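**Student:** quick one, structure for this:
(2 chains)
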Amino acid sequence: MALFVRLRRTSSSSRPLDAADPFVLSLVFKASAADPGLLLPHAASLHAFAVRSSALSSVFVATALADAYAKAGRLALALRVFDEMPAARRNVVSWTTLVAALSRAGRRHDALRAFAEMRASAGVACDSHAYAAALTACADAGMLSRGREVHALCAKLGLDATPYVANTLATLYARWGDVGRALAAVGRMGSRDVAAWTTVISSYVQTGRAKEAIEAFVAMVRNEAVNAASPNEYTYAAVIAACADTSCVCLGEQLHGQVAQRGFASARSVANSLVTLYARVAGRLSAADAVFQESAAKDVVSWSAIISGYAQEGLAGEAFALFTEMRRHHCPRPNEFTLASLLSVCATAATLDAGRQLHALVMAAGLEHHAMIRSALVDMYGKSGSMSDADVVFSNRTKDDVVSWTAMIVGHAEHGQSKRALELFEEMCLVGLKPDHVAFIGVLSACCHAGEVELGLRYLSAMSKIYGLEPAKEHYGCVVDLLGRAGRINEAEELIGRMAANERDGVVWTSLLRACAARGEEETGKKAAARAMEAEPWGAGAHVAMANLYASKGQWCEAAQERHMMKQKGVVKGVGWSSITVGGEDRAVGVFVAGDRTHPQDNVIYEMLELIYYGVGMARYVPAQMNLASEVELLVNS
DNA sequence: GTAGGGTTAG
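**Tutor:** Coordinates of the predicted model:
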């Protein structure tokens, strides 16, 4: 650019090297397209110069200028240059530039309209560039059927084996979840280049096959010399995303070292995927924060990734502090990912006021119809105790999605409206949505709250038999709890036996134990307590339940022994005893009054609260960050 | 001799 400015100053039209020469100008615009910061300061004067010198009448110059404007984010100016181009001059390159410009700006339907217009134009024959641009618009808009039409068109011309087209086709199918078609598309290419390898890896990631993504990466690197295709920043971003999905932090760390060595660590996509990796793995938030702080050019993805990390840990204060800092920097504007993370932290913390303020921001940004946002809002209102607000958001939906329905099911279940929760589950199936693992956790917990034993057992077996979903420990846990509460302790124990050995965690044993405690089943209770303590040596739940078991039988010595063990583990400081009346019968419960508000101790009180609530026949949600000690006092004194 | 297309992260 500097060179060109000097050329303009020193040359006149009579000289051999002419600044107004279309050959020179188109190269200048092409260079500015590669680096948007280059064009904008000179855009107005260069554009005017091109008009004055009539160089803009060259289709090359006009196309290059339009492309440079579009890539600098000035779509309106790009479109003006197109419109001023005589229709007869437009060729396949200028049309393709238009299609790509519209697609990049998010106007995919307009891009496809332009593509149709190009195909209808006499004398314009679409080539692989044109098809690749059209397919990108389809892939980005998630328009599978349009994409398949375009696929058919270019297959007829034999263009589907060209690298760009094949990669775009693979992207289209992978985003639709069809990894088979994606791989087949790449397979049509002669040999895989870096982008093709990256497409394969990211196709696996997008279809939830992180393990295969990592294997593909290993295969790529192993044949690096033969293929002459070394991973680039996009490849690393994709494979690190696979590590994040599988919580493979070890491999992720090795890759972190490798990108640092190869000079990709400062690439924004790599930094963002590293932040995501560390943010998702428990206990590595500080590593995520370090990568985030070090990255120079933070965009909305970087901010969303780190905010999501704090949100997942339930650190509401830190998440909101980052959000404030992000907004102070003005740019970038928060989008659906940022706001959804913050809404989830409001849900965890049950902070209705903050949630409502975020709702206002959502409305201001016009994001309320985004599925991710809608489900986050429903979940936030449900968990913060306002089902009426959840209902409003849910009924204003423009499209159905499993996550929003599930949030409604869970919300009603947690508010003790199990019947409504179960109705919603059936309605969801009727509208044609396929329930997923989380929806089944919702419906099983509704059964649990309602004491619907037979129904719960039916749903558990329907999961695998009808919906092809393998029940996980959470599902078994619900039903073990359900059977236990109904006093069907033998069946609960049997169900635990049906779980894979490594799935039997402290939660499920504690459920059984609690059932035993409630029924005074000392033998099975002891067994369950031993297993629960094996699974979670640090946990206090087993001691709480055992203490209650002994207390309910009046075996105060043994109860005190459990209390003593808890104190030894340091999870509670002071322990008191109280009793409540359930169905005319006095039942002893332990109440733990704390001096030291550490995390594990909160869990003890939390478990106690649940026990008390269930004991008095109330199913209600206990927010994780409420003032637990005062809640206990209130409840016991009321 | 000049212009256009693919792969990435929340």
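**Student:** from the stretch 151-300 of chain A, which residue is nearest to DNA strand B?
**Tutor:** The nearest approach of the stretch 151-300 of chain A to DNA strand B comes at A:S269, 2.3 Å away (CB to the nearest atom of the strand). Where you see a C-beta, it was placed from the backbone N, CA and C, and this is true even at glycine.
**Student:** can you tell me the SS state at that residue?
**Tutor:** Recorded secondary structure, A:S269: helix (DSSP: H, G, I helix; E, B strand; the rest coil).
**Student:** run a quick neighbour tally on the closest residue to it other than its chain neighbours.
**Tutor:** Nearest residue to A:S269 in three dimensions, chain neighbours excluded: A:A237, at 3.9 Å (CB to CB, 6 or more residues apart in numbering). Using other CB atoms under 10 Å, A:A237 has 25 neighbouring residues.
**Student:** can I get the helix or strand containing A:A237 in CSV? Just the C-alpha atoms.
**Tutor:** Using DSSP states H and E, A:A237 maps to helix A:233-246. Taking C-alpha atoms only, helix A:233-246 is exported to CSV below (Å, rounded to 0.1, in the frame of the first residue of the first chain):
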residue,chain,number,x,y,z
GLU,A,233,-3.5,-23.4,13.4
TYR,A,234,-7.0,-24.7,12.3
THR,A,235,-5.9,-28.3,12.6
TYR,A,236,-4.6,-27.7,16.1
ALA,A,237,-7.7,-25.8,17.1
ALA,A,238,-9.8,-28.8,15.9
VAL,A,239,-7.8,-31.5,17.7
ILE,A,240,-7.6,-29.5,20.9
ALA,A,241,-11.4,-29.2,20.7
ALA,A,242,-11.4,-33.0,20.6
CYS,A,243,-9.3,-33.1,23.7
ALA,A,244,-11.7,-30.7,25.4
ASP,A,245,-14.7,-32.9,24.5
THR,A,246,-13.0,-36.0,26.0
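**Student:** and the next helix or strand past that helix?
**Tutor:** helix A:249-262.
**Student:** for that following helix, name the packing helices and strands.
**Tutor:** helix A:233-246, helix A:268-280 (3 or more CB pairs under 8 Å, 6 or more residues apart in numbering; DSSP states H and E).
**Student:** how about it: buried residues?
**Tutor:** For helix A:249-262, burial by neighbour count (16 or more other CB atoms under 10 Å) applies to A:249, A:251-253, A:255-256, A:259.
**Student:** residues in contact with it?
**Tutor:** With CB atoms under 8 Å, 6 or more residues apart in numbering as the test, helix A:249-262 has contacts from A:214, A:233, A:236, A:239-240, A:243-244, A:265, A:267, A:270, A:274, A:277-278, A:281, A:284.
**Student:** again, only using 10 Å
**Tutor:** The contact list for helix A:249-262, computed with CB atoms under 10 Å, 6 or more residues apart in numbering, reads A:214, A:217-218, A:221, A:230-233, A:235-237, A:239-244, A:246, A:248, A:264-267, A:270-271, A:273-274, A:276-278, A:280-284, A:287, A:291.
**Student:** burial measure for A:K156, as a count.
**Tutor:** What A:K156 shows, counting by other CB under 10 Å, is a neighbour count of 9.
**Student:** and the contacts of helix A:249-262, which are buried?
**Tutor:** Listed as buried from these are A:214, A:217, A:221, A:231-233, A:235-237, A:239-244, A:248, A:264-265, A:267, A:270-271, A:273-274, A:276-278, A:280-281, A:284, A:287, A:291; burial here means 16+ other CB under 10 Å.
**Student:** close to DNA strand B: what parts of the stretch 201-350 of chain A are there?
**Tutor:** Residues of the stretch 201-350 of chain A lying close to DNA strand B by CB under 7 Å from any atom of the strand are A:202, A:205-206, A:232-235, A:237-238, A:241, A:244, A:268-269, A:272-273, A:276, A:299-301, A:304-305, A:308, A:335, A:337-338, A:341.
**Student:** pLDDT added to the buried residues of helix A:249-262, as TSV?
**Tutor:** Formatted as TSV, the buried residues of helix A:249-262 follow (pLDDT from 0 to 100):
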residue	pLDDT
A:V249	90
A:L251	93
A:G252	94
A:E253	94
A:L255	95
A:H256	95
A:V259	94
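**Student:** so which pair among these is furthest apart in space?
**Tutor:** A:V249 and A:V259 (15.0 Å; CB to CB).
**Student:** average pLDDT across stretch A:350-359?
**Tutor:** For stretch A:350-359, mean pLDDT is 90.
**Student:** over to stretch A:446-463?
**Tutor:** 90.
**Student:** in that stretch, what counts as buried?
**Tutor:** A:446-450, A:452-453, A:455-457, A:459-460, A:463.
**Student:** of all the residues you listed, which comes closest to DNA strand B?
**Tutor:** A:M463 (27.6 Å).
**Student:** what packs against the strand or helix carrying that closest one?
**Tutor:** In this structure, A:M463 sits in helix A:453-465 according to DSSP H and E. Where contact means 3 or more CB pairs under 10 Å, 6 or more residues apart in numbering; DSSP states H and E, helix A:453-465 is packed against helix A:418-430, helix A:437-450, helix A:473-485, helix A:489-498.
**Student:** apply 6 Å and report the result again.
**Tutor:** Here helix A:453-465 touches helix A:437-450, helix A:473-485, going by 3 or more CB pairs under 6 Å, 6 or more residues apart in numbering; DSSP states H and E.
**Student:** tell me which of the ones you listed sits nearest to DNA strand B.
**Tutor:** helix A:437-450 (17.5 Å).
**Student:** who's in contact with the closest one?
**Tutor:** A:406, A:409-410, A:413, A:418, A:421-422, A:425, A:455-456, A:459, A:463, A:469, A:474-475, A:478, A:481-482, A:619 (CB atoms under 6 Å, 6 or more residues apart in numbering).
**Student:** run the chain-centre distance for it.
**Tutor:** Relative to its chain's centre, helix A:437-450 lies at 22 Å (CA atoms, centre = their mean, to the nearest Å).
**Student:** and stretch A:352-368, by the same measure?
**Tutor:** Using CA atoms, centre = their mean, the offset of stretch A:352-368 from its chain centre is 19 Å.
**Student:** ok, now stretch A:287-303?
**Tutor:** Here stretch A:287-303 is found 18 Å from its chain centre; the criterion is CA atoms, centre = their mean.
**Student:** so where's chain A uncertain?
**Tutor:** Within chain A, the stretches with pLDDT under 70 are A:1-19, A:330-331, A:539-540, A:563, A:566-567, A:569-638.
**Student:** how about the CA coordinates for stretch A:452-461, as CSV?
**Tutor:** Output of stretch A:452-461 as CSV, limited to C-alpha atoms (Å, rounded to 0.1, in the frame of the first residue of the first chain):
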residue,chain,number,x,y,z
GLU,A,452,-44.4,-43.1,40.7
VAL,A,453,-42.4,-46.4,41.0
GLU,A,454,-44.0,-48.4,38.2
LEU,A,455,-43.9,-45.5,35.8
GLY,A,456,-40.2,-44.8,36.6
LEU,A,457,-39.3,-48.5,36.0
ARG,A,458,-41.2,-48.3,32.7
TYR,A,459,-39.3,-45.2,31.6
LEU,A,460,-36.0,-46.7,32.5
SER,A,461,-36.6,-49.8,30.4
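**Student:** tell me how far the nearest residue to A:E224 once chain neighbours are set aside lies from A:A213.
**Tutor:** Leaving aside its sequence neighbours, A:E224 sits nearest to A:S230 (CB to CB, 6+ apart; 5.6 Å). Separation of A:S230 from A:A213 (CB to CB, to the nearest Å) stands at 17 Å.
**Student:** surely A:A305 meets A:L277?
**Tutor:** No: between A:A305 and A:L277 no contact is recorded; they are 9.4 Å apart, counting by CB atoms under 6 Å.
**Student:** what does the strand or helix carrying A:V28 contact?
**Tutor:** Assigned by DSSP H and E, A:V28 falls within helix A:22-34. By CB under 6 Å, 6+ apart, the residues outside helix A:22-34 that reach it are A:4, A:38-39, A:55, A:58, A:60-61, A:64-65, A:67-68, A:71.
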